[in-house]
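Undergrad: Show me the folded form of this:
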Amino acid sequence: MPSNRRIKNKTKKRFKKTWNGVVKGLSRRIVVYAADFEAECPNCYYDKVNRVSSGVCKVDSSNPNYFTTGRCPVCRGKGVLVTTIKRCIEGIIIWNPGGDKLNSLTFTEAGYEGATKVEIKTDPCNLSIIRASKYVLIDGIKCKLSEPPLLRGIGEKHLLIARFFTVDKPKIDSGEFI
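TA: The predicted structure is shown next:
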């Protein structure tokens, strides 16, 4: 009776070790920005209808951030404190995956236009980070996720592939022209 295992565990481990070495040697830094976290200002009351500070201080006059008129010195009149969450991951970056000729660098009347698609290959532990991302910075260019990330590998899943499209125009001296 034939075995369901066509690829031995030793081969799978060797592939994983080799692939991790390739990723470590060729990877570059990718900055992943998660959705902003907003919290009401602890110093002033928040006007939920107009979505700004009410201009009324909710702490006593002994507090160094106390104010009587004008805008709140903590939130600067916004009523909320916004925290941007970003994480750095490592991955192999491939601009213009598939070598699409329509997606290469061209010069138009509006200026240089470059590759609009980018693919990254990274560790599968970054799956939740990439799925929850608002956008990523790849080579200094803002990109958004274009389709759900894929997990690939031999036997087990050892590789995460995520495809993005660019939102910003490329710079002439960026690493996009690989």
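
Undergrad: What are the neighbouring residues in contact with the closest residue in space to Glu90 that isn't next to it in sequence?
TA: In this structure, Glu90 finds its nearest non-sequential neighbour in Ser27, 4.1 Å apart by CB to CB, 6 or more residues apart in numbering. C-beta here means a position set from N, CA and C on the backbone, and glycine is covered the same way. Neighbouring residues of Ser27 by CB atoms under 8 Å, 6 or more residues apart in numbering: Glu90, Gly91, Ile92, Thr122.

Undergrad: Low-confidence ranges, this structure, go.
TA: 1-5, 98-115, 154-157, 168-178 (pLDDT under 70).

Undergrad: need the longest strand for it.
TA: Here the longest strand in the chain is taken by residue count, with DSSP state E as the criterion, and it is strand 86-95.

Undergrad: From the contact counts, what lies against it?
TA: The criterion is 3 or more CB pairs under 8 Å, 6 or more residues apart in numbering; DSSP states H and E, and the helices and strands that strand 86-95 contacts are helix 9-26, strand 28-34, strand 117-122, helix 127-131.
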